[in-house]
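# coords please:
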Amino acid sequence: MRTNHLLGNDINFDHLATETKNYTGAEIEAVCRSATAFALFKDCDLENLGPMDKKGAKTKKPGNKIEERKVMMVDFEHALKEVKPAFGMDDDSLQAAVSGGIINYGPSHEKLNNSLHAFLREIQNSHSTQLLTVLLEGRNGTGKTALAADIALKSGFPFVKMLSPT
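Predicted coordinates for the structure are as follows:
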């Protein structure tokens, strides 16, 4: 895109790198394609769709020729709202899940917490275990999400997926 002069001058690559820290290569490609689509179609009249020639004949706006369009930072921002990573959760959501802290309420909690930390150590130290799925089950409001978020934050892994019905 840069080589073909399709990027606007306002692109902040450092910001994009920070915002896509949990994105795979395919997901980053999807963000780029989505941003391109936003750039190409942002001024289209959806009520009057039809063929548009390379000279922008459908619209009378200056600078609306397809070959003159550039992908701007706002297009990437729209794309980031649309394309979400398969793995990952922003740290704010994880922090919010443990905002009250984790309180050891007895032997059963201690046993569960020790098991979760053992799973964490296994995946951190193992050369063969690259992915680990853990299902925590129990009644609503018993702290399952908080425990999962606490382990995710302590893991330091860039790719974490936490599924919760809420």
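# C-alpha from now on. contacts and neighbour counts both.
Noted.
# domain parsing for the protein?
13-82, 91-155 (automatic domain parsing).
# which of these has the lowest average pLDDT?
The weakest mean pLDDT among those belongs to domain 13-82, with a mean of 79.
# and that domain, how far apart are its ends?
The straight-line separation of the ends of domain 13-82 (CA to CA, to the nearest Å) is 18 Å.
# can you give me the helices for this structure?
Per DSSP state H, the chain carries helices over the ranges 13-19, 25-41, 73-82, 91-97, 107-125, 144-155.
# burial of H5, as a residue count?
H5: 13 surrounding residues under other CA atoms under 10 Å.
# Which positions in stretch 132-144 come out as buried?
Going by neighbour count (16 or more other CA atoms under 10 Å), the buried part of stretch 132-144 is 143-144.
# Report the buried residues of stretch 11-20.
Under the neighbour-count criterion of 16+ other CA under 10 Å, stretch 11-20 has T20 buried.
# So which of the domains of the chain is nearest L7?
In terms of CA to CA, the element of those nearest to L7 is domain 13-82, at 4.8 Å.
# was I right about P158 contacting T24?
No: judged on CA atoms under 8 Å, P158 makes no contact with T24 at a distance of 11.0 Å.
# Output the helices of the chain in CSV; the columns should cover distance to L6.
Output for these, formatted as CSV (distance: least, CA to CA, whole Å):
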stretch, distance to L6
helix 13-19, 15
helix 25-41, 9
helix 73-82, 12
helix 91-97, 33
helix 107-125, 42
helix 144-155, 38
